[in-house]
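Student: I would like to see how this sequence folds:
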Amino acid sequence: MLDVVIVSVLDNKNIYYLSPNSINVLKGDYVIFEDDNGLLCGKVCKEKYLEDKKNLVLPLKKIIRIATDKDMSIVEKNNSISEKALEEAKRINSDLNLNMNFVDSYLNFDSSQLFLSFISDERVDFREFVKKMAQKFKMRIELRQIGVRDKAKRIGGLGPCGLFLCCNSFLTDFNSVSINMAKNQMLALNPSKINGICGRLLCCLGYENDVYSELKKSLPKVGLIMDTPEGMGKVVSIDVLNNTYSVDLGEKGIIKLLGEKRDEKNR
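Tutor: Sure, this is the predicted structure:
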């Protein structure tokens, strides 16, 4: 087990698991820490706690210090440069007629490297673009091509539930989501209902999938021919939450039966 502090950069767009390095930091503190690409400034979103080594990428990067007023002034200046860089990137992209949709930019704390995130449906030769940006800002430029889910995470918005997007508010990583999850929960396979604003399957389809899979074990499959107290019939529907299923007995009509008794933990 190791002491770990979780720090977010750019309002949870990038999450880092760091070593507190014997520094007492509290939730909400801004800290300076080391990264492969130089120094970064981030906000502590979870104070020191113990985490199993197998869940971490070792060695952990270290917190160097709690950010001072001077540090925060540098961050504010860097943010201003990042905003200008994003506008300049869009202008150069238009001039060079490149198919790049820029999403965001940020400058590391020591102003040695500028990062630009973009979306593109095709391979892009951006060598001339990088050359022009480097000449303009006199620093190393790194481009990162991201997907539509990453774009939604960075930009944010409201989901069909009316709440802020999960990916933008609390999710730190994207888990695999499949159409089988929607089928398992007996949802209508209508793209407008099961897709998020990113155009991909809703992340929340995975939240209850395991529960549905477990609860359905006490119910027969739809289409099964089975014997009931009223005679032979065909299962035509199931109600997972109420643990009931309906059987068509032909001329005798449709009856509703209770599924097998569930364990207390599954209720």
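Student: contacts only, for Ile23.
Tutor: Shown in contact with Ile23 (CB atoms under 8 Å, 6 or more residues apart in numbering): Val31, Ile63, Arg65, Ile66. C-beta: built from backbone N, CA, C; applies to glycine.
Student: try 10 Å
Tutor: Applying CB atoms under 10 Å, 6 or more residues apart in numbering to Ile23 gives the contacts Val5, Asp29, Val31, Phe33, Lys48, Lys62, Ile63, Ile64, Arg65, Ile66.
Student: same check, this time on Leu60
Tutor: Per CB under 10 Å, 6+ apart, neighbours of Leu60: 2-5, 16-21, 33, 51, 53.
Student: mind listing which of the contacts of Ile23 are in strands?
Tutor: Val5, Val31, Phe33, Lys48, Lys62, Ile63, Ile64, Arg65, Ile66 (DSSP state E).
Student: distance check, the closest residue to the second one other than its chain neighbours against Ile32.
Tutor: The spatial neighbour of Val31 that comes closest, neighbours along the chain excluded (CB to CB, 6 or more residues apart in numbering), is Ile63 at 4.9 Å. Distance, Ile63 to Ile32, using CB to CB, to the nearest Å: 7 Å.
Student: quick check: neighbours shared by the two?
Tutor: Residues touching both Ile63 and Ile32 (CB under 10 Å, 6+ apart): Gly42.
Student: what about those two, which has more around it?
Tutor: The neighbour count for Ile63 versus Ile32, taken as other CB atoms under 10 Å, is higher for Ile63 (23 against 19).
Student: pull the contacting residues for the more buried one.
Tutor: Contact analysis of Ile63 by CB under 10 Å, 6+ apart lists 5, 7, 16, 18-23, 25, 29, 31-34, 42, 44.
Student: change it to 8 Å
Tutor: Each residue near Ile63 by CB under 8 Å, 6+ apart is listed here: Val5, Val7, Leu18, Ser19, Pro20, Asn21, Ile23, Val25, Val31, Ile32, Phe33.
Student: roughly how far does it sit from Gly42?
Tutor: 9 Å.
Student: residues shared between the contacts of those two?
Tutor: The contact sets of Ile63 and Gly42 overlap at Val7, Val31, Phe33 (CB under 8 Å, 6+ apart).
Student: grab the nearest non-local neighbour of Ile64.
Tutor: Ile32 (4.8 Å).
Student: that neighbour pairs with what?
Tutor: Counting by DSSP bridges, Ile32 forms beta bridges with Cys41, Arg65.
Student: I figured it was touching Phe109, is that so?
Tutor: Yes. At 6.2 Å, Ile32 counts as touching Phe109 under the criterion of CB atoms under 8 Å.
Student: perfect, that will be all.
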